[in-house]
Structures are given as structure tokens and as C-alpha cells.
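Participant: Give me coordinates for this.
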Amino acid sequence: MSELNKIALKILSNGKGILAADESNGTMTKRLESVNVQSSPENRLIFRETLFAADSMKDCIGGVILFDETINQTSNYGKTIPAMISETEAVTGIKVDTGAKDLANSLEEKVTEGLDGLRERLKRYYELGARFTKWRGVYSISDKYPSKLAINSNAHALARYSALVQECGMVPIVEPEVLMDGEHSVEDCLTKTSDVIQKCFEELIVHKIDLTGIILKPNMILAGNKSKNKISNEEVSSKTLECLKKSVPNEVPGIAFLSGGQSEIEATENLNLINKNNNTNFIMTYSYGRALQQSALKFWSKDIKDIKGTQNIFNHRAKMNTLAAQGKWSSELENK
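Facilitator: Just a heads-up that it's a prediction; the model follows:
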């Protein structure tokens, strides 16, 4: 077992999942303003450290993805944020891409940037305590998209990023997100997500990536959010498993799904059914941002001094998702 494989398994094992707290300042500003809280470095830190000090960090969260601002901050408890996270036995991670930009020659699509100077940035993040990283490629579905150009460009960038990350002794999260925005059918999502993931692994193999030392962070297979044909949770589970079985090499230790616009309950219920029906060797867990934080954020915004109340809500969501990552969740547990 390689060191990278050990890190990946530490993050994913025993129903633990990943808290995606790597919202850029722009995204976090939108979330805070939506609950009428001013977005300042202090307020962003107070909310995040409230979650990082919650009891469920020890039992449910195996890794936390941070944004550059946060990994450099010292908490109001007097410890650096990575030190605070490692005390809970979770692994510190860092988002390293610099965002999705317009793709030349296909301007309605995006390619993710951030490779320039990445080797040096990774060394600094390693020194700060990070042991895994995240890079997100983003794809939209329509009659024409995602194009071969977008699929190839993003897969190549994800592979180059992964090579640099493993060189630095960290585990890369490979996140190819096919967005749920649009009117597309579940079959379209299945076909196009499979194409995207397969191309990513082709490039990862060309770049000699140790597949036992990565984590895949894909979308679930869903109909578009404007589709007239809504599908059942059972169908989400079966189509998602179909996609992963034909697209992901067996060496990959685990898959941590993004929530991608699903409600908190939907994200939990779908994860639970995927695990109940999981007949693969892959660990299947969660890497959720909004679907772990949204209710806690709403509560916190009403009284940012009520730390225990905010933590109780976060603890509940983390616990529900950790049960779902083991196929043990039920809707009755939501009200206990």
C-alpha cells in the first residue's frame, strides 16, 4: 500500500466523507449575503471554524477542502486552521485551480486554469499541512456540448495537475463536474458523464498517475434541472453505478460525490441508495459543500454567537451523510 493510498483511505473509510469548505471569496460572499451576513475575512473564518470545531468532525469527516484564504488563517481558538482540522483526525485539503475560464474556439464552454506556478504553490501548501488537493473541471450539456475540445482540454489539465500533486506527496481529487443545468434527459447525462470520466482516466494513465492514490469526485447521474422527465432516486442510483462501473478503473480506491445543486435531503437519499446497491469495490461517499452547510449557515446567520446550535445542525447533516455512505440512512432518522 503506497503512502498516497493510505491518505486516500484515511479520508474515505468507515463512512467518513469530505467537507468541501473551499468556496472562493466570491462564492462565499453570495452565500453569506443570501442570509444577510456581511462577507468579511472575519465572518468567513467564524462560520468555518464553528463547523471545524463540531463534534461530527471526529466521527464523520475524513477530509476538509480549504480555500487559499482559510489555509493561511489562524482560528479564534489560537491554532492554525490546518492544526485545528488535524486535531479532529481529518486530513487537510486545498483547492488549487484558479477557476473555469472561457475555452478558446468554444467560448460557451469552460476550461479550468491554474497550472502556472502550481509546483511551487503545492510545496507551500504541503508545508502548511495539506495532504490532498482539489481541481474541478466543469462541463455543460446541450445538443452540441460538451464538445470533444472541452472534454480533451479539461482531462489533460486534470492529468497534469494530478501528476504535480502526486510528485509533491499529496492525493489529488479529480473532479470532472457535468452540470445539472438544462433540459437534458438522464440518458444524456449518463452518456456524456461517461465520455468525460473515461477521457479523464485515459489522460491520467498517459501521465503515469498512481490510480490507487487519487479520489474521483463526480456528479451523480441526474436529469437536467429543467427536464420535464423527472426520475426516481432508484434510477439515479442505478444510472450512477452503471456509469462508474464502465468508466472507472478498479485501482481507484474511492469515489466522493459532489452534491451539484441537489437539496440536502436529495443528496443524502441518493447517496444512501447508491451505497445500498453498490456492487463494486469502490468506497462511495460524499464531498459536499452546500448539502452539508446550508441549514447550518441559515441558523448561524440569525445568531452567530450560538455556536452550539449551529454545530448541532451541522452534526446532524454530517451524521445523516455518513449513514448514507454506508447505506444505513432512512428518512425517519431525519426527525430524531
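
Participant: which stretches of the stretch 51-200 of the chain form helices?
Facilitator: 56-59, 68-71, 81-87, 118-128, 148-167, 186-206 (DSSP state H, counting those that start in this stretch).

Participant: Can you redo those helices as a markdown table, where the extra columns are mean neighbour count?
Facilitator: Bear in mind the C-beta positions are built from the backbone N, C-alpha and C, glycine included. Output for the helices of the stretch 51-200 of the chain, formatted as a markdown table (neighbours: other CB atoms under 10 Å):
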| stretch | mean neighbour count |
| --- | --- |
| helix 56-59 | 18 |
| helix 68-71 | 20 |
| helix 81-87 | 20 |
| helix 118-128 | 16 |
| helix 148-167 | 20 |
| helix 186-206 | 19 |
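
Participant: any chance of these in CSV, with mean pLDDT too?
Facilitator: Listed next are the helices of the stretch 51-200 of the chain as CSV, based on pLDDT from 0 to 100:
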stretch, mean pLDDT
helix 56-59, 98
helix 68-71, 96
helix 81-87, 97
helix 118-128, 98
helix 148-167, 98
helix 186-206, 98
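
Participant: Confirm for me that Glu203 is in contact with His156.
Facilitator: Yes - taking CB atoms under 8 Å as the definition, Glu203 is a contact partner of His156 at 5.5 Å.

Participant: follow-up on the earlier one: which one of the helices of the stretch 51-200 of the chain lies nearest to Ser34?
Facilitator: Among those, the nearest to Ser34 by CB to CB is helix 68-71 (19.4 Å).

Participant: Ranking helices and strands of this protein by mean pLDDT, which lands last?
Facilitator: Scoring the helices and strands of the chain by mean pLDDT, DSSP states H and E places helix 25-34 at the bottom, with a mean of 91.

Participant: Contacts for it next, please.
Facilitator: Glu23, Gln38, Ser39, Asn43, Arg44, Phe47, Phe67, Glu69, Arg290, Leu297, Ser301 (CB atoms under 8 Å, 6 or more residues apart in numbering).

Participant: mind listing what the last one touches?
Facilitator: Put plainly, it is Ser301. Listed by CB under 8 Å, 6+ apart, the contact partners of Ser301 are Leu32, Val35, Asn36, Val37.

Participant: The third one now?
Facilitator: Listed by CB under 8 Å, 6+ apart, the contact set of Ser39 reads Asn25, Met28, Thr29, Leu32, Glu33.

Participant: I'd like to know which of these are buried.
Facilitator: Met28, Thr29, Leu32 (16 or more other CB atoms under 10 Å).

Participant: Looking at the residues you listed, which is nearest Ile215?
Facilitator: Ile215 has its nearest neighbour among the buried ones among the contacts of Ser39 in Met28, at 23.2 Å by CB to CB.
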